[in-house]
Structure formats: structure tokens, C-alpha cells
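Engineer: Model the structure of this input:
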Amino acid sequence: MSEQVYDPNRRQRYEFRREGENLVVEIRVAPGGDVPPHYHPAQEERWTVRQGRVRFKIDGRSVVPESGAEVVVAPRVKHSFKNVGDGEAHIHVEVRPAGELQAFLEDAAALSRAGYYTRHGLVKSPKGALRMAEFVDRYRDTTVVTLPPPALQRLLFSPLLRLSRRR
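Structural biologist: A predicted model of the protein is given here:
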């Protein structure tokens, strides 16, 4: 396992390991910790809640699996989750294929720790807006956050990306 990566906005700690072309992530989620609605264009995720109570929203349906039950999310299916329990949740995730998901999560956590955006995904400064535009563009083939809608993100971030590329 890798060193733990902490994301204060998502209230999560990640540990990563590779298994061939796949990625295994152990996630520790504080009460109320979550992941906003998103999808992965080319990756399948297999989630197993090892401890705690986690509510998944998958393609508009809510699921609160029993401990040990597997939840599978196919590529291009919108999903999110939240720790709805009173204690820390432990989630085991297998990502097939790994793609750039580890780098995405590490970079998102670094932006969170640097204070560039709020818990609700709102940027805090012009520099934060520029960093978020670069981040969304860099990982567009790995993870697509759906709030605000991707079309609105492109409209808002396109001028920032042009500015960034000139620098």
C-alpha cells in the first residue's frame, strides 16, 4: 500500500496499490464525507463497504449495501457516495483499468489541502479557478464531475485554459 493521501474537502484518506493494470484503493471516510456526482468514461469500479454505512447513488438510484456486499459501477454511469453513518467508513475499491485515477485523486486532494476550492466545489480565488480549469482538462478522460454540468464547465473554463496555455 502507498502512503495515505488526505482530502479535507471530501473528508477521506486514500491508500493505493496496483494489481497489474488495475488499481485498488482503500478509502477511510469520516462521517459526512462524500464524493460528488461524476462518471468515468472508460473505467469500471467495484466497491465493497468493509465498515460503516455508505449510501451510493448510481444512475439516480440510492443503494446502502450491507457490509461485504459489492456495488459495481460500469463506465459512463453517473455515481456518488456519502458516509451516512456515525463513524468512519472503510471502503475497498477496485478500478478496472486503473488509468489515471490515482493521479486524479492525489491531485484533487492536493488542491483541496491548498484551499483552492470549497467543500461544495466552488473555487475560492482567480488562481483557484485557473488551477481547477487545468485539473478538469488534464483528467477529462479519467473522471467527469457532473456538477456543474460538463457543458457549463467547458464554457467557464475554456477562457482560463487559453490563458493558462499562454503562460
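Engineer: C-alpha only now, for contacts and for neighbours.
Structural biologist: Fine.
Engineer: Roughly how far does Arg96 sit from Leu111?
Structural biologist: Distance, Arg96 to Leu111, using Cα to Cα, to the nearest Å: 25 Å.
Engineer: next one: Asp86
Structural biologist: Counting by Cα to Cα, the gap from Asp86 to Leu111 is 27 Å.
Engineer: what about Arg13, helix or strand, and which?
Structural biologist: For Arg13, the host element (DSSP states H and E) is strand 12-19.
Engineer: And that strand, what's buried?
Structural biologist: Using 16 or more other Cα atoms under 10 Å as the test for burial, strand 12-19 gives 12-16.
Engineer: OK, contacts around Leu37?
Structural biologist: No, residue 37 isn't Leu; it's Pro. Counting by Cα atoms under 8 Å, 6 or more residues apart in numbering, Pro37 touches 78-81, 145-147.
Engineer: now Lys124
Structural biologist: By Cα under 8 Å, 6+ apart, the neighbours of Lys124 are 115-118.
Engineer: same thing but at 7 Å, please
Structural biologist: 116-118 (Cα atoms under 7 Å, 6 or more residues apart in numbering).
Engineer: which of those residues lies closest to Lys57?
Structural biologist: Thr118 (21.7 Å; Cα to Cα).
Engineer: Next up, phi/psi of the closest one, please.
Structural biologist: When quoted as degrees, to the nearest 10, the phi and psi of Thr118 stand at phi -90, psi 170.
Engineer: Quickly list the domain ranges of this protein.
Structural biologist: 5-98, 102-166 (automatic domain parsing).
Engineer: and the ones you listed as TSV, adding mean pLDDT?
Structural biologist: Below are those laid out as TSV (pLDDT from 0 to 100):
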stretch	mean pLDDT
domain 5-98	97
domain 102-166	89
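Engineer: Need the winner for burial among the ones you listed.
Structural biologist: Neighbour counts (mean count of other Cα atoms under 10 Å) averaged over each of these peak at domain 5-98, with a mean of 18.
Engineer: can you map out the strands along this structure?
Structural biologist: Counting by DSSP state E, the chain has strands at residues 5-7, 12-19, 22-29, 34-39, 44-51, 54-58, 61-63, 70-73, 79-83, 89-96, 144-145.
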